[in-house]
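**Q** Sequence plus the predicted model coming up.
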Amino acid sequence: MIDVSRTTISRAENKTAAALIMSARQFFTGMKYEFETSTVCNEALKLAFYSYRQDATNHRNKKCTLELDASYGIVNLGDFKADELDAASFDWDKHFCGIRKYFAVLLKDHDNCFFLDANCFEHQAHLMVLSGLSLADKLLASQTQTISNSKSGSKPFSWRYYTSLAIVTNVLRSAAKDLYLQWCLLYGALDANKKVKKLFPKCQSGRWGSVHQTEERLIAAGFDQLREVVAILAKKFWGKKKQSRQANGDDKENARPASESLNPDTLALEQCAEYSKRMGKWRTYAIASTEELMWGRLIEISHWARAPIMHFTHFVRRKVPSEELHSKGHSLCQLINGKAHSIFAEFSEMLEPAEGILAAIQLIIL
C-alpha cells in the first residue's frame, strides 16, 4: 500500500495524541471525584503518585520526551489527609540539572507533597562506561613510553581506545564485502558466516554502553584472524585505492579550490574526494590499531571488567513480565529486595580474588 496523500502517519499521530489526552483527563477527573466523595473514612490517607521520566536526543537540536505514570489509592489510616507523592527520574545532562532544580523549587511550598528525586539508572550506566573509557586512555598515555620501550624502541602508541573502536568498526563496515570474501578464502565460509557476515555494530557517542556490543563482536571474530585479514585488505585493495587517488590528482597539492566552480557536479566530486581522504586516514589508523597486541588485550579486559555494569543496565531496561510483576514487583522493587546486592557481588567476585587481578595484569604486560 502507498500513502498517496502522505498524511496518514500525521493523522494517526494526531488521533493518538487526542486519545491519550482524553484518557488522561478521564483518569484525573475520576481520581479527583473519588478523593472528594470517598466513603472509606473522612480521615483516610489519600495518596496520588506521579512518576515521570524525561530524556532528550543527542542531536544538535535537542528534542525532549516526557513520560508520566500516575496512580492513586485510599487507605484508612486515621491521622493523615490528602498527600501527593512525586517521583522523578532524570539524566545528569546539563539541560536537566536546571529542570531538577525547577521542580524542587516548584514543589517546596506545597503542603503534604513529597518529591523524591532519583538519577536515571540507564544514563548512570552510560556515565560509568564513559569513565572507564577515559581511564583506559589515561592509562595508555601514561604507560605508552614504558611498554613501547620494551617492544619497539621509543615509538609510542598511535591510537586511543574509544577512537580506535569507532574507527575500526567504521572501516570494517565500509569494507564489509571485501572483508567477508577474504575471510572466506582464509578461514572458510562457515567461519565467515559466523563472525563477519553481519555488519559490526557502531560505537555511539553519548550512548557509551554501545561499546560493549562492539567489543563482544571483535572478541568473537578473533584478533589474530582480524589482524591478518586487515593486513591483506590493506595490501590488496586499500593501497591500490590510494595510488589511484594520487594518479587522478586527488591529493592536497593538486586539489582544485572550491571557489573555482560551485556547480553541483563539482561539489559532489569534491565531497567524494574529501570522503576518500578521510577514509584513507581511518584505514591507516585501523591498521595501526589492529597491529598492536595491546589493542586486543585491552578490549578483552575492558569487556570483562564492564560485565556487571551491563548486567545492571540490561536488568533495569528489560520489560518485566506480568507474572513476575505481581510476584516480585518492578525492576526498582527487585533491586531494593536483593537484586542490587547480587549485582554488587559480581564486582566483589571480580576484585576480591588476587588471582583474578594478577591474571588481568599479566594479560596486559605479556
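**A** Yep, it's here. The structure presented is a predicted model; accordingly, all values stated were derived computationally and were not measured. Numbering: from 1, shown residues only.

**Q** how many neighbours does Cys184 have?
**A** 16 (other C-beta atoms under 10 Å). (Glycine included, C-beta is placed from N, CA and C.)

**Q** Val229 versus the closest residue to it other than its chain neighbours, what's the distance?
**A** Nearest residue to Cys184, sequence neighbours excluded (C-beta to C-beta, 6 or more residues apart in numbering): Ala192, at 4.6 Å. The gap separating Ala192 from Val229 is 10 Å, by C-beta to C-beta, to the nearest Å.

**Q** Mutual contacts of those two, please.
**A** With contacts defined as C-beta atoms under 8 Å, 6 or more residues apart in numbering, the residues shared by Ala192 and Val229 are Trp183.

**Q** Who has more neighbours out of these two?
**A** Val229 (25 against 20).

**Q** Report whether the expected contact of the more buried one with Gln182 is present.
**A** Yes - proximity of Val229 to Gln182 meets the contact threshold set by C-beta atoms under 8 Å, at 5.3 Å.

**Q** And the strands in the stretch 151-300 of the chain?
**A** With DSSP state E, counting those that start in this stretch applied, the stretch 151-300 of the chain shows no strands anywhere along its length.

**Q** Could you list the domains of this protein?
**A** With automatic domain parsing serving as the domain definition, the record reports that the chain contains domains spanning 15-119, 125-317.

**Q** Comparing the ones you listed, which comes out most buried?
**A** Neighbour counts averaged per stretch over these are highest for domain 125-317, at a mean of 16; criterion: mean count of other C-beta atoms under 10 Å.

**Q** host element of Thr29?
**A** helix 8-37 (DSSP states H and E).

**Q** And that helix, what does it pack against?
**A** In this structure, helix 8-37 makes packing contacts with strand 45-56, strand 64-75, judged by 3 or more C-beta pairs under 8 Å, 6 or more residues apart in numbering; DSSP states H and E.

**Q** Next, the angle strand 45-56 makes with it.
**A** Here helix 8-37 points in a direction 160 degrees away from that of strand 45-56 (axes from the mean of the first three to the mean of the last three C-alpha atoms, to 10 degrees).

**Q** re the thing from before, the helices and strands packed on helix 8-37: which one's closest to Ala176?
**A** Each of those was checked against Ala176 via C-beta to C-beta, and the shortest separation belongs to strand 45-56, namely 32.1 Å.

**Q** mind checking which of the domains of the chain is nearest Leu351?
**A** Evaluated over those, closeness to Leu351 peaks at domain 125-317, with 9.8 Å, by C-beta to C-beta.

**Q** Compute the first-to-last residue distance for the closest one.
**A** 11 Å (C-alpha to C-alpha, to the nearest Å).

**Q** Quick check: beta-bridge partners of Cys113?
**A** Applying DSSP bridges to Cys113 yields these beta-bridge partners: Glu84.

**Q** For the remainder of this discussion, apply numbering that starts at 30.
**A** New numbering, starting at 30: the last item is Cys142.

**Q** quick one: it from Ser67, how far?
**A** From Cys142 to Ser67 the distance is 19 Å (C-beta to C-beta).

**Q** before we move on, what about Glu321?
**A** The span separating Glu321 from Ser67 equals 70 Å under the rule C-beta to C-beta.

**Q** In the stretch 230-379 of the chain, what residue spans correspond to helices?
**A** According to DSSP state H, counting those that start in this stretch, the stretch 230-379 of the chain carries its helices in the segments 239-250, 252-262, 268-276, 293-320, 322-334, 336-346, 351-357, 360-363, 369-380.

**Q** angle of the last one against helix 336-346?
**A** Between the axis of helix 369-380 and that of helix 336-346 there is an angle of 160 degrees, by the same axes, to 10 degrees.
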